[in-house]
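In: Predicted model and sequence follow; I will ask about them next.
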Amino acid sequence: MEDYIERQAHHGKQFHQKLKPYVVLQYLLKNTDENHVATAPDIVAYLQECGIEAERRSIYRDIKEINYVALMLEEDCMINEAREMVECDDDDENKLVIYDCHRKGFYARRRDFEMDDIRLLAECVYSAKFVNEGQAKRLVKVVSQFVSDHQAEQIKHSVLRTDRVKTNNKQVLNNISLINKAMSRKIEGVPHKPEKIRFKYLKHTIRDVNQQVERRKGESYVVNPFLLLINDGNYYLLSIDERTKKERTYRVDRMKDVELTGIEREGDDEFKKVDVKNYSQRVFSMYGGKLARITLQCINPLLDTMVERFGTNEVQYMKVDEDYFSVSAKVEVSDQFFGWLLGFGRRVKLTGNDEVVKKFTAYLDKVREMY
């Protein structure tokens, strides 16, 4: 803002004065809220830093005009009507900028967004596992622009200190854009026939759980994309597989080098038979309970499943032999967790800790009693 004003200095004092109400509003939006006010001298000092001369009385006039114009745009009415509504507004309900007589200062009220709204949006962004760390911070910064700097700092501190399993795949947002484009029936107003997509799919290896490698030795997958859905912080593509003609679900953050094929999508009849709600319940599961560290011994093909469930932060993965690996992680122990564990049958064995093993065997005994 300061640089722009300096470049326009040759227009003279009149230019600066015309720009002054806009600068005042931007200053208030950035620096004030219900808990932080700016006095008229504060605003005058800022304007002088920007190269705009102002006196205290003019600030009050500018703020009146700001309130008139803001209400005019909000109510889609004439400026005279807006002025009358503001002047008769004893409770400040129609004002964008409010004067707090107790603190002797002004603050800008957010009409469209409350701080809790922005906090929730930021939390949703950061809880999305399919968005990598850098993208999450950038998006949180974007949504934080709708509140004051003071509130934005609270929001960033709140959401960024939360530890979550995040993807390392920087292609995710581009993947989502391409998949949506492939499924679209109209692109920029031009009719488009949904088309197949091609991609490589990634998996974890015990050699380095932080670095994924390509499945099928790098061979491409070709699928008919139908639906993107989110579950437990992950983004999934529901598709009809090109080879098997059956529904398949792929993690978008594990897709690499997604590209459009230009080949018309097939499988519409098969997809119509899919009950998406029941399919989601069948494919996805959630559980919670008391936190404890446990150790599991698993067959090697389950490495991806375990990394997706527990992540890699404060989790230890070790090779046991050519057929098995172990994972040590903190889990929320509950009947739901035991049910999840039991679903693997003999492919996973709970080897520690002793207290959790006892609870699991007691859980098994209770299940046996039912039969």
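Out: Looks like it arrived, so ask away.

In: Tell me how many other residues crowd Asn169.
Out: When counting by other Cβ atoms under 10 Å, one arrives at 20 neighbours for Asn169. Yep, even glycine has a C-beta here, placed from its N, CA and C like the rest.

In: What distance do you get for it to Thr249?
Out: If you measure Asn169 against Thr249 using Cβ to Cβ, to the nearest Å, the figure is 17 Å.

In: where in the stretch 251-371 of the chain is pLDDT low?
Out: 277-289 (pLDDT under 70).

In: can you give me the strands in it?
Out: Ranges of strands within the stretch 251-371 of the chain are 255-264, 290-299, 316-319, 324-333, 348-352, based on DSSP state E, counting those that start in this stretch.

In: Name the strands paired with the last one and say parallel or antiparallel.
Out: Sheet neighbours of strand 348-352, with direction, are listed as strand 290-299 (antiparallel) (DSSP bridges).

In: Next: the fourth one.
Out: Counting by DSSP bridges, the strands paired with strand 324-333 are strand 290-299 (antiparallel), strand 316-319 (antiparallel).

In: Figure out which of these is closest to Leu178.
Out: Among the strands paired with strand 324-333, strand 316-319 comes nearest to Leu178, with 31.9 Å by Cβ to Cβ.

In: mind exporting that closest one as CSV, just the C-alpha atoms?
Out: Only the C-alpha atoms of strand 316-319 are listed here, as CSV (Å, rounded to 0.1, in the frame of the first residue of the first chain):
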residue,chain,number,x,y,z
GLN,A,316,8.4,-47.6,14.9
TYR,A,317,8.3,-50.0,12.0
MET,A,318,10.8,-52.9,12.0
LYS,A,319,11.5,-55.9,9.8
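
In: Run through the bridge partners of Tyr107.
Out: Note on Tyr107: beta-bridge partners Ile98, judged by DSSP bridges.

In: mind putting the strands paired with strand 324-333 in JSON lines, distance to His150 and mean neighbour count included?
Out: Conversion of the strands paired with strand 324-333 to JSON lines gives the following (distance: least, Cβ to Cβ, whole Å; neighbours: other Cβ atoms under 10 Å):
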{"stretch": "strand 290-299", "distance to His150": "34", "mean neighbour count": "16"}
{"stretch": "strand 316-319", "distance to His150": "41", "mean neighbour count": "15"}
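
In: Using TSV, please lay out these together with distance to Ile43.
Out: Rendered in TSV, the data for those read as follows (distance: least, Cβ to Cβ, whole Å):
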stretch	distance to Ile43
strand 290-299	50
strand 316-319	57
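
In: looking at the ones you listed, which is closest to Val367?
Out: The minimum distance between Val367 and the strands paired with strand 324-333 falls on strand 290-299, with 18.9 Å, by Cβ to Cβ.

In: now the closest one: how far from the chain's centre is it?
Out: 29 Å (Cα atoms, centre = their mean, to the nearest Å).

In: Redo the strands of the stretch 251-371 of the chain as TSV? Include distance to Gly105.
Out: Supplementary listing: the strands of the stretch 251-371 of the chain in TSV, determined by distance: least, Cβ to Cβ, whole Å:
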stretch	distance to Gly105
strand 255-264	52
strand 290-299	46
strand 316-319	54
strand 324-333	47
strand 348-352	60
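
In: hang on, the earlier thing: out of the strands paired with strand 324-333, which is closest to Leu173?
Out: Where those are weighed against each other on Cβ to Cβ, the nearest is strand 316-319, at 28.2 Å.
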